[in-house]
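Participant: generate coordinates for the sequence data below:
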Amino acid sequence: MRYNMPVDDRLIGRGAFLAVLGAGAAGLVWGRSIADGVARLVPDVVPQVGSSKGWRIYTIGNSIPAIDPLTYRLRVEGLVERPVDLSLADLRDLPRATQVSDFHCVTGWSVDDVHWSGVRFRDLLDVVGAKPQARWLRFISEEVPYTDSLSVPQALLPDAMLALDMDGAPLSKPHGAPVRVVMPQMYGYKSVKWVTRIEVRRDFVPGFWETHGYDSDAWIGRSNGLTA
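Facilitator: The predicted model follows:
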């Protein structure tokens, strides 16, 4: 699946711009900016380790969350018949899904042909027994206060998944280990990393970037003031 976007670091939703303060072997650092009269947070970029594919690792804090995979549990709760705490082994016992898809950041850069594997949300919701009134999945990250949401129909799209592996290996810490959302049809801020809890809800709760002016439906080429 391809979505052609110009690789221009100045692009961001609704006409905002990013100021690059510096670049070097240690990576990039983005400045804070004000655009269209609205103050917006811009994430920090931390150094990327062991990648030649062009990834940029954003954080909203000063460090990357470190989660012990041996003690990790994914809590799934809310409008479900069976709230659960799933270990990585439990997640790997669910039906395995694989795909190759491109990743697009709202700031303008992309990484093509990323190999993902993990769990489809349909299979996860079957485990917990989502109730008929469930309308939204809210993803809570270990990177507090990062959250975001997908509607149930969005989460059930055939290329949306809860990823455990990337490019043939378990997720690394910079890429959201041990578990992250992958939503290829939307910009990357919807693909929440370091997920520790999923709330199945009736109502929509704006995510971290939505509270700073970004679109809740982040369709590539059809949101945030950007066009394909």
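Participant: run a quick neighbour tally on Pro174.
Facilitator: By other C-beta atoms under 10 Å, 19 other residues sit near Pro174. The way it works is simple: take the backbone N, C-alpha and C, and place the C-beta from them, glycine included.
Participant: try Asp165
Facilitator: Counted with other C-beta under 10 Å, Asp165 comes out at 17.
Participant: that one is in what secondary structure piece?
Facilitator: Assigned by DSSP states H and E, Asp165 falls within strand 161-166.
Participant: who are the packing partners of that strand?
Facilitator: helix 88-93, strand 110-119, helix 121-128, strand 180-182 (3 or more C-beta pairs under 8 Å, 6 or more residues apart in numbering; DSSP states H and E).
Participant: pick the most buried one from those.
Facilitator: Highest mean neighbour count among the helices and strands packed on strand 161-166 (mean count of other C-beta atoms under 10 Å): strand 180-182, with a mean of 23.
Participant: for it, packing partners?
Facilitator: strand 161-166.
Participant: and with 10 Å instead?
Facilitator: For strand 180-182, the elements it packs on are strand 97-104, strand 110-119, strand 136-141, strand 161-166, strand 195-201, judged by 3 or more C-beta pairs under 10 Å, 6 or more residues apart in numbering; DSSP states H and E.
Participant: for stretch 130-147, the averaged confidence score.
Facilitator: The average of the pLDDT scores along stretch 130-147 is 97.
Participant: from Thr107, how far out is the residue nearest the centre of the chain?
Facilitator: For the chain, the residue nearest the mean C-alpha position is Ser191 (1.5 Å; C-alpha atoms, centre = their mean). Ser191 is 14 Å from Thr107, where distance means C-beta to C-beta, to the nearest Å.
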